[in-house]
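A.B. asks: Could you work out the structure for the sequence below:
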Amino acid sequence: MRGSRPERRNSRSAALFEFTGERVIPDQVDRDLLNEHLARYAFAARLACGKRVLDAGCGTGYGSAELAESARAVVGADIAAEAVAYARERYRLANLYFERASCGALPHRDAAFDLVVAFEVIEHLRDWRDFLLEARRVLAPGGQFVVSTPNKRYYAESRGRVGPNPFHAHEFEFEEFCAELSAVFPIVSLFLENHVEGVVFRPVEWEDAAEVRVDGGETPPAESHFFVAVCALHSRRESRLAGGSACPTSPQASDRTFVYIPSAANVLREREAHIALLEGELRQKNAWLEAAKQELVKLDQEHRNLIGELEERNRWAEKLNQELAAGGAQIVKLQAELGAATEWAQHVDTALAAKVQELTQCVEYLHQAEKTVEERTRWAQGLDAEVEQLRGKLALLEASRWVRLGRSVGLGPDADVAPNLK
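C.D. replies: Have a look, this model is predicted:
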């Protein structure tokens, strides 16, 4: 299958996958950082030919796709759903499958794989010992487990300014890494991964073969960038010690140094082009910075104007507060006057009610007096009628000849002593 590249799609879902600086996303990371990760998969690809392969902690799937070029079948497993979705969308091959799974609880039967790889994964796991046991469980008797991790000592020095990596749960020094792997796997072969400078003599007619010469002697493990181990389950065979450690080793991936050259082109020219690109970006950023400065000046002027307006409004607000205070005092005074007026009105109302009651009684007395006057008027009218009758009778009496006769002889009533009826 070598030479057939997987289908890669720059889909919208892939574009939306966020680069945090920890998970490698092709086309979004520095080329040297990407090559650093691709080199490990190129190292493991030599062991994957025709095998059933598990890429534990596959991330965005670029390494699984590399292994699938020579493997019989590859399963890429990762706990992050967005990483699995990205990998499924971008890398599509008939012998390549991606699943969401935890490295501490792999959803596969015992001895399901001939090769298990886990690059830059173990340091992210709190239950990393469980992962080693899971890797051993799913590994076939003649299989191999390839695992890498950064050198804790070197990594701490390189991150001196920014501090520990918040994504790492446990980092390893060389001796601890070797001891923990040896506690689970009978055979452990250790390799040291470092960046090196190189010069390539490439024939004009390219052939898929190369000779490599490595000078400079051995690199101490403590000074190395990454540790890579090839572990196996078959019987222990003692060989020379890797890096002076006490780890039992075997040539699981041959004893020869493996060199990965991502590009045989002129690196100096590429770097010059990269520098030119960076200079262009720098000019663009300078232009952005100048525009930002001008915008800042404009914003500063607007800020000053706003401060002036704010001061003017504060003065207006202070004057308004004073007016409100004066108005409040006037309101208090008016409320006091209103209270006094209310009290006077209540007093007047009480007095008026008393007067009304008194007037009502007077009216009642008047009604009674009118009634008495009416009765006496009727009595007086009756009395006047009786007086008129008596006067009539007296007149008749005085006119009577008998009365005159009696007076002449001194008999009868004396008219002078009669009641004065007028």
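
A.B. asks: Can you list the buried residues in the longest strand along the chain?
C.D. replies: Ranked by residue count, the top strand of the chain under DSSP state E comes out as strand 139-150. Residues 139-140, 143-150 are the ones in strand 139-150 that count as buried (16 or more other Cβ atoms under 10 Å). (Glycine included, C-beta is placed from N, CA and C.)

A.B. asks: Now do that strand: which elements does it pack against?
C.D. replies: Packed against strand 139-150, as judged by 3 or more Cβ pairs under 8 Å, 6 or more residues apart in numbering; DSSP states H and E, are the following elements: helix 31-45, strand 113-119, helix 128-138, strand 226-232.

A.B. asks: and of these, who's closest to Trp402?
C.D. replies: Each of the helices and strands packed on strand 139-150 was scored for nearness to Trp402 using Cβ to Cβ, and the closest is helix 128-138 (167.3 Å).

A.B. asks: where in the stretch 251-400 of the chain is pLDDT low?
C.D. replies: Per-residue confidence of the stretch 251-400 of the chain (counting by pLDDT under 70) places the weak regions at 251-255, 263-274.

A.B. asks: Okay, strands next: where are they in the chain?
C.D. replies: Under DSSP E, the chain gives strands at 52-56, 73-78, 96-100, 113-119, 139-150, 187-193, 226-232.

A.B. asks: so of these, which one's packed in deepest?
C.D. replies: Using mean count of other Cβ atoms under 10 Å, the stretch among these with the greatest mean number of neighbours is strand 52-56 (a mean of 27).

A.B. asks: what angle separates that one from strand 96-100?
C.D. replies: Here strand 52-56 points in a direction 40 degrees away from that of strand 96-100 (axes from the mean of the first three to the mean of the last three Cα atoms, to 10 degrees).

A.B. asks: Now do strand 52-56, average pLDDT.
C.D. replies: Confidence over strand 52-56 (mean pLDDT, whole number) is 97.

A.B. asks: Format the strands of the chain as a markdown table; extra columns: distance to Glu302.
C.D. replies: Listed next are the strands of the chain as a markdown table, based on distance: least, Cβ to Cβ, whole Å:
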| stretch | distance to Glu302 |
| --- | --- |
| strand 52-56 | 55 |
| strand 73-78 | 49 |
| strand 96-100 | 51 |
| strand 113-119 | 53 |
| strand 139-150 | 49 |
| strand 187-193 | 55 |
| strand 226-232 | 53 |
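
A.B. asks: I'd like to know which of those is closest to Glu375.
C.D. replies: Proximity to Glu375 (Cβ to Cβ) singles out strand 96-100 among the strands of the chain, at 119.7 Å.
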